[in-house]
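Participant: sequence and predicted model, in that order:
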Amino acid sequence: MEPLLRALLWGSVGFVLYVYLGYPLLLALLAGVWGEKRPFSPQPNAQLPSVTLIIAAYNEEAVIATKLQNTLALDYPTDKLQIIVAADGSHDATPKIVQQFAAQGVLLSFTPLRQGKVAAINRAAAQAHGTILAFSDANNLYTPDTLRQLVAPFVDPAIGMVSGAKLIMRGDGALGDSEGLYWRYESQIKSWQTALGTTTGAPGEVMAIRRELFEMVPTTIINDDLYLALRLIKQGVNVHYTPLARSYERVSLTAKDEMLRRTRMVSGHFQLMSLGWQLLPLRRPLIAWHIVSHKYARPLVPLAMVGALIGNVGLLFINVDLFCVILFAAQVGVYGLAWLGNRGWINGRLAYLPTFLVNSNRAALHGLCQFLCGQPIHQWQRVGRRKLKAKQPIS
């Protein structure tokens, strides 16, 4: 029994360390030795491609006007920019507010029947005229040059999709600070992946794709952005990450709201993992390694965390040694800080990192349960968000 418990403990701890530290360190080493940095400068107006910006919106009356004002103020030629709001199933004032911007060229793609975000995007894409399709949400804002930066890498014909940087506004407490730290961590991973050829995903609020490469996404798919990226990579097309195309937003209203959002997202990861070889580019082994290590392994971390705790406790009952005691104390400390942080009894950097780590992996477990139970969550669940502030600093 003891060898099995030690194998469970070391295997689980090793898996967690590989996902969070080992893979990024190996990636950084490879990018430093073989990577190629390829900055792309924005083109002059005459050479800019035509762009259709599709904004997905569901009951966004609180933010849609701010979003459209921000979009209309972007530094991009108006004769080359088509703006479509895909207001799927909204039963608040979102469609009416969007119609107030019709004179400024904003198009409304609306149906009162709620079919889900993917159906809304597919419907809007059919109305698009741009050679580049860009995608955004209603609850994020762009810096003035974001669209120019987002389309710049398309001068390389090998690049079929471009991903921008997702930033979190400061001033929303520990939840915002931890979310901002997470996205800076993700940004660095994407930069290293891009230096080695292609990144493995793109946030749906700041991404663009060549129109001829866009395909209608099955309406049952939850993570449409990741699905599109993996489909392109499978076909041998590259996805480029550019941190200069910046999108910023506020964090969810509460930790519970953030849990709901992450649960749905992770359930979508398991859904894509279940498609197996349909999305894994086996003929590109380096990229397949990226996908497995970055996208497929991370949702499995909570299972490894549970395994580490079970193995650790089991060994304490069989043969108490100093290492097991220290490791058990460390696990209890992390979970204890997360418990205190979730109840607001302790704040600051000491608590927000353990709280974020534990909550993220709790959401992954919930997402796995939802996926295994076959719960239909392809229709996005709108969670509470703090009101957008155009002048709020970015985390």
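Facilitator: Yep, it's here.

Participant: assign the spatially most central residue of the chain to helix, strand or coil.
Facilitator: Nearest to the geometric centre of the chain sits Pro203, at 4.4 Å (Cα atoms, centre = their mean). Secondary structure of Pro203, reduced to three states by DSSP: H, G, I helix; E, B strand; the rest coil: coil.

Participant: now for it: which residues touch it?
Facilitator: Ser163, Gly164, Lys166, Asp225, Ser247 (Cβ atoms under 8 Å, 6 or more residues apart in numbering). C-beta coordinates here come from the backbone N, C-alpha and C atoms, glycine included.

Participant: from the middle of its chain, how far away would the biggest helix by length in the chain be?
Facilitator: When the chain is parsed with DSSP state H, its longest helix is helix 349-373. Mean-position distance between helix 349-373 and its chain equals 15 Å (Cα atoms, centre = their mean, to the nearest Å).

Participant: count of residues packed around Asn319?
Facilitator: By other Cβ atoms under 10 Å, 11 other residues sit near Asn319.

Participant: what do you get for Arg283?
Facilitator: Taking other Cβ under 10 Å as the neighbour definition, Arg283 ends up with a count of 9.

Participant: in the stretch 51-200 of the chain, which spans are helices?
Facilitator: According to DSSP state H, counting those that start in this stretch, the stretch 51-200 of the chain carries its helices in the segments 64-72, 94-99, 117-125, 146-151, 173-195.

Participant: could you name the helices and strands sitting against the longest one?
Facilitator: Looking back up the chat, that one is helix 173-195. helix 23-34, strand 159-168, strand 238-249, helix 255-274, helix 349-373 (3 or more Cβ pairs under 8 Å, 6 or more residues apart in numbering; DSSP states H and E).

Participant: got the phi and psi for the residue nearest to the centre of the chain?
Facilitator: Per-residue torsions, Pro203: phi -70, psi 130 (degrees, to the nearest 10).

Participant: then the one 3 residues further on?
Facilitator: For Val206, the backbone dihedrals (degrees, to the nearest 10) come out as phi -150, psi 80.

Participant: sorry, back to before: now the two most distant members of the contacts of Pro203.
Facilitator: Asp225 and Ser247 (12.5 Å; Cβ to Cβ).

Participant: coming back round to it: compare the helices of the stretch 51-200 of the chain and report which one is nearest to Val19.
Facilitator: Comparison of the helices of the stretch 51-200 of the chain against Val19 by Cβ to Cβ identifies helix 173-195 as nearest, at 11.2 Å.

Participant: pull the distance from the closest one to the chain's centre.
Facilitator: On Cα atoms, centre = their mean, the centre of helix 173-195 falls 10 Å from that of its chain.

Participant: mind giving me the packing neighbours of the next helix or strand after that helix?
Facilitator: As assigned by DSSP states H and E, the chain's next helix or strand after helix 173-195 is strand 207-210. Applying 3+ Cβ pairs under 8 Å, 6+ apart, one finds that strand 207-210 makes contact with strand 132-137, helix 146-151, strand 159-168, helix 224-234.

Participant: chain center to the second one, what's the gap?
Facilitator: Centre-to-centre, helix 146-151 and its host chain are 19 Å apart (Cα atoms, centre = their mean).

Participant: can you tell me what sits against that helix?
Facilitator: So helix 146-151 is contacted by 42-43, 48-49, 51, 53, 74-76, 81, 132, 134, 162, 164, 206-208, 242, 244-247 (Cβ under 8 Å, 6+ apart).

Participant: which of those residues count as buried?
Facilitator: 42, 48-49, 51, 53, 74, 76, 81, 132, 134, 162, 164, 206-208, 242, 244-247 (16 or more other Cβ atoms under 10 Å).

Participant: could you dump the helices and strands packed on strand 207-210 into TSV with distance to Pro218 and mean pLDDT added?
Facilitator: Converted to TSV, the helices and strands packed on strand 207-210 look like this (distance: least, Cβ to Cβ, whole Å; pLDDT from 0 to 100):
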stretch	distance to Pro218	mean pLDDT
strand 132-137	17	97
helix 146-151	25	98
strand 159-168	18	96
helix 224-234	8	95
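
Participant: okay if I get those as JSON lines plus distance to Phe15?
Facilitator: As requested, these are arranged in JSON lines below (distance: least, Cβ to Cβ, whole Å):
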{"stretch": "strand 132-137", "distance to Phe15": "33"}
{"stretch": "helix 146-151", "distance to Phe15": "35"}
{"stretch": "strand 159-168", "distance to Phe15": "26"}
{"stretch": "helix 224-234", "distance to Phe15": "22"}
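
Participant: quick one: closest of those to Glu2.
Facilitator: Nearest of the helices and strands packed on strand 207-210 to Glu2, taken as Cβ to Cβ: helix 224-234 at 41.1 Å.

Participant: what angle sits between the closest one and helix 117-125?
Facilitator: With axes from the mean of the first three to the mean of the last three Cα atoms, to 10 degrees as the basis, helix 224-234 and helix 117-125 are set at 70 degrees to each other.

Participant: so what secondary structure elements neighbour helix 224-234?
Facilitator: Secondary-structure packing of helix 224-234 (3+ Cβ pairs under 8 Å, 6+ apart): helix 117-125, strand 159-168, strand 207-210, strand 238-249, helix 255-274, helix 285-291.

Participant: before I go, just wanted to say thanks for your time.
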